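Student: I need the structure of the sequence given here:
(2 chains)
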Protein chains: 2
Amino acid sequence: MLPFDLIEYQNRLQKTKNHMMERGMDVLVITDPANMYYLTGYDAWSFYVHQMLVISLDEDQPIWIGRYMDANGARVTTWLNDENIMSYPDYYVQSESHHPMNYMTEILKKRGYGTKRMGVEMDQYYFTAKAFMQLQCGLPDATFLDGDLLVNHVRMVKSDQEITYMKRAARIAEQAMFRGTDMIRAGNRECDVAGTMYYNLITGTSEYGGDYPSIVPLLPANKNTGNPHLTWSERRYQEGEAVIVELAGCYKRYHAPLARTVSIGQPSNHLQILESVVLEGMEYVLSSMKPGVTCEEVAKVWHDSIKKHGFEKEARLGYSVGLNYPPDWGEHTASLRKGDKTVLQPNMTFHFIPALWFDTHGIEISESIRITSDGCETLANYPREIVVQEPHRHNGQAGMVSL
Amino acid sequence: MLPFDLIEYQNRLQKTKNHMMERGMDVLVITDPANMYYLTGYDAWSFYVHQMLVISLDEDQPIWIGRYMDANGARVTTWLNDENIMSYPDYYVQSESHHPMNYMTEILKKRGYGTKRMGVEMDQYYFTAKAFMQLQCGLPDATFLDGDLLVNHVRMVKSDQEITYMKRAARIAEQAMFRGTDMIRAGNRECDVAGTMYYNLITGTSEYGGDYPSIVPLLPANKNTGNPHLTWSERRYQEGEAVIVELAGCYKRYHAPLARTVSIGQPSNHLQILESVVLEGMEYVLSSMKPGVTCEEVAKVWHDSIKKHGFEKEARLGYSVGLNYPPDWGEHTASLRKGDKTVLQPNMTFHFIPALWFDTHGIEISESIRITSDGCETLANYPREIVVQEPHRHNGQAGMVSL
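Tutor: Numbering: from 1, shown residues only, chains lettered A, B, ... in the order given. Here you go, the predicted structure:
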């Protein structure tokens, strides 16, 4: 049932412990569901309640602590021994009188961690201000250290098995992009496009079933193409509109994001100019990405390229990508931008999304990239250009999909 | 473009200010995306970066502060004046050297909030331990108060417009349940069922387009039917299996959850016994839910009913439901359980999910409920029983859906 060999989990755990030692931690409290999955295989939609994984340098296995009704799921999905899976009663859930962290703190104390140097993921979505406060109150003699992104950094260089999963995710992304953008026609509703994308993202291919991506398909259209994080509505598309599509295939929680810009009918001259600027810059960047180069050097290649045409871009060009849970598929470690000194290594993976956004228009064409031994490769194989759709479909059969 | 009249937003804001006054707050910092949407209309998948809405008792409008590339989306989706929309530069995003809260804190200071009594949502997913720490460091003269769930409590009693949206969400849930469970047959993959559900959840009906639910369809099957928060895999169903389905239709961020248990072929005797126990208890509960009754009284009705048959249930029976963003569609306020003294009022809405889970099996049959003037009504109209599927479909056409 586990998506990786036990030895791969053991390696990940050992690397995590090495980082803990370097940072002077005895214990690491992990609340990021991606890090929990990475180290143990735990996979369930239970991160809306408090839960944690506890790693101690002197223990062979982490401890999982969560809600009682999720403990059985932890037994089923992880390689942990049953005695390392503990849980709090249901009356601690979303209660104004009982906080789960109080219960979990008692467990930590009983294990002798109350006086330890304890790392916590300080800027992680599911480690709330109150969770930390309750943890501090319950363990007054512990020393807290910021363990944010510690495991995320271990995740940056992928194993071959992880790359295999990301390539399967890319197959799924290609299919969802193709079938979804085929629905972007005058008269169709935005939600119909999103639904078609979702159908293809989740059913996957005949070989590989899709998992849920950590971000929904983003579909800003028309005057909103400069607003990259809008989703969709019931509105019907009209001829002449541009639509931005950003989606990711996901396989066993590993993502391959892909963005394209669609034009319903011929794209405007302006959009075509943006396209040529972006594609030229992408070519330069893809030629530059290889082991030994830093993220900020990659960013400079891009900025130099678009500057020739009079453009500037404020946002980062991309970020480390792979395993994650909602609300983000990025790994929060390296970004392709000025100041990021991360040195590229083989099997690092990035979502390279050098979008250009303006007040009422924009363009996105992206690639998910793996650093190879001497360069890089794109995970997806999808025409790198504006997707031009005939406003109305000529083939009446194209809309039928056998479920 | 706004999903509600301006006057409804003004009412919500005024109620929020009244609660702030009762709790001695001058300023309230809101980080819950559902609360941001509730008060302003702000709607984008941007909650994976730090952002906030700031309400001051002496200001007519809240201030939105977020990432620079999302500010335009705030201009488009909210009723706020442009000067109330502020943003931080992109190099603050997921950076180890710059934290967005530092930038936002400077804005708060400039507005004169540095010495105020400031509410913060202490146990909200997107208000991390580090965000609070940075806020405290930046505003050493402010007094911080726990404003967690303050707006959530305002949200509990729905307006008629909100109920209309939840009923549309229920129409969508019915359709996704019907089309999705129709795919639960021997030989089909779990991911094909999930994909079909998603297609129907997102495309919605011909009248109402669907929005993304805050939780993915949950589909534990076979020996995992006691593990309610597992999702799906590539595995193929087999004859004789049971499958639990929990999903929600979503319309303009308002949810109507619905759970059913499916049997591929005739359900086991044991499952049929569980069904009769659950349905009898549900009838008693639905007869008891009306204005004036407390949540714990409702829970007692259930526990008394199943106790007659020798069953007990640890988990809460349900929770306040409505507007939300991932990772939860519950509102985190009232729960149907012992100790919850919340008094039911007309237009409160609950997901009543009196599931029974055991180590290797379980049953879920749920209803989303609105409290009426003298009782309650279910939002969805869906047969309240185990869904029994023929293992193999006899009608070859049923699998075709026109996209």
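Student: contacts and neighbour counts: CA atoms only from here.
Tutor: Fine.
Student: grab the nearest non-local neighbour of residue A:132.
Tutor: Excluding its sequence neighbours, the residue lying closest to residue A:132 (Cα to Cα, 6 or more residues apart in numbering or on different chains) is residue B:129, at 5.9 Å.
Student: so what does that neighbour look like in phi/psi?
Tutor: When quoted as degrees, to the nearest 10, the phi and psi of residue B:129 stand at phi -50, psi -40.
Student: wait, it touches residue A:126, no?
Tutor: No: if you go by Cα atoms under 8 Å, residue B:129 and residue A:126 don't touch, sitting 9.3 Å apart.
Student: quick one, which of those two is more surrounded?
Tutor: For residue B:129 and residue A:126, the more surrounded residue by other Cα atoms under 10 Å in any protein chain shown is residue A:126, and the numbers stand at 27 against 24.
Student: name the element that one belongs to?
Tutor: When secondary structure is defined by DSSP states H and E, residue A:126 falls outside every helix and strand.
Student: contacting residues around it?
Tutor: With contacts defined as Cα atoms under 8 Å, 6 or more residues apart in numbering or on different chains, residue A:126 is in contact with A:31, A:32, A:47, A:48, A:50, B:125, B:126, B:128.
Student: at 7 Å what do you get?
Tutor: Residues in contact with residue A:126 (Cα atoms under 7 Å, 6 or more residues apart in numbering or on different chains) are A:31, A:32, B:125.
Student: and residue A:216, by the same measure?
Tutor: In this structure, residue A:216 makes contact with residue A:247, judged by Cα under 7 Å, 6+ apart.
Student: please report how far it lies from residue B:224.
Tutor: Look at residue A:216 and residue B:224: by Cα to Cα, to the nearest Å, they are 27 Å apart.
Student: any weak-confidence spans in chain A?
Tutor: Low-confidence segments of chain A, defined by pLDDT under 70, span residues A:394-403.
Student: got the phi/psi numbers for residue A:67?
Tutor: For residue A:67, the backbone dihedrals (degrees, to the nearest 10) come out as phi -70, psi 140.
Student: burial of it, as a residue count?
Tutor: The local packing count at residue A:67 equals 22, with neighbours defined by other Cα under 10 Å.
Student: residue A:87 versus the residue in the stretch 51-200 of chain A that chain B sits nearest to, what's the distance?
Tutor: The nearest approach of the stretch 51-200 of chain A to chain B comes at residue A:129, 3.9 Å away (Cα to the nearest Cα). Plainly put, residue A:129 is 21 Å away from residue A:87 if you go by Cα to Cα.
Student: quick one, phi/psi of residue A:334?
Tutor: Note on residue A:334: backbone dihedrals following degrees, to the nearest 10 are phi -80, psi 140.
Student: any idea how many residues pack against it?
Tutor: As a burial measure, the neighbour count of residue A:334 was computed by other Cα under 10 Å and equals 27.
Student: in contact with it, which residues are there?
Tutor: Contact analysis of residue A:334 by Cα under 7 Å, 6+ apart lists A:319, A:320, A:340, A:342.
Student: neighbours of the nearest residue to residue A:352 once chain neighbours are set aside, how many?
Tutor: Spatially, and ignoring its direct neighbours in sequence, residue A:352 is nearest to residue A:318 (4.4 Å; Cα to Cα, 6+ apart). Other residues near residue A:318 number 22, with proximity taken as other Cα under 10 Å.
Student: hmm, residue A:353 and residue A:318 touching each other?
Tutor: Yes: between residue A:318 and residue A:353 a contact is recorded at 5.2 Å, counting by Cα atoms under 7 Å.
Student: mind listing residues that contact stretch A:171-188?
Tutor: Under the criterion Cα under 7 Å, 6+ apart, residues A:193, A:196-197, A:200-201, A:204-205, A:210, A:236-239, A:248-249, A:256, A:258, A:264, A:380, A:382, A:389, A:391-392 lie in contact with stretch A:171-188.
Student: still on that earlier bit, okay, the contacts of residue A:334 in CSV with distance to chain B and neighbour count next?
Tutor: Formatted as CSV, the entries for these read as follows, by distance: Cα to the nearest Cα, whole Å; neighbours: other Cα atoms under 10 Å in any protein chain shown:
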residue, distance to chain B, neighbour count
A:319, 10, 23
A:320, 11, 26
A:340, 9, 19
A:342, 12, 16
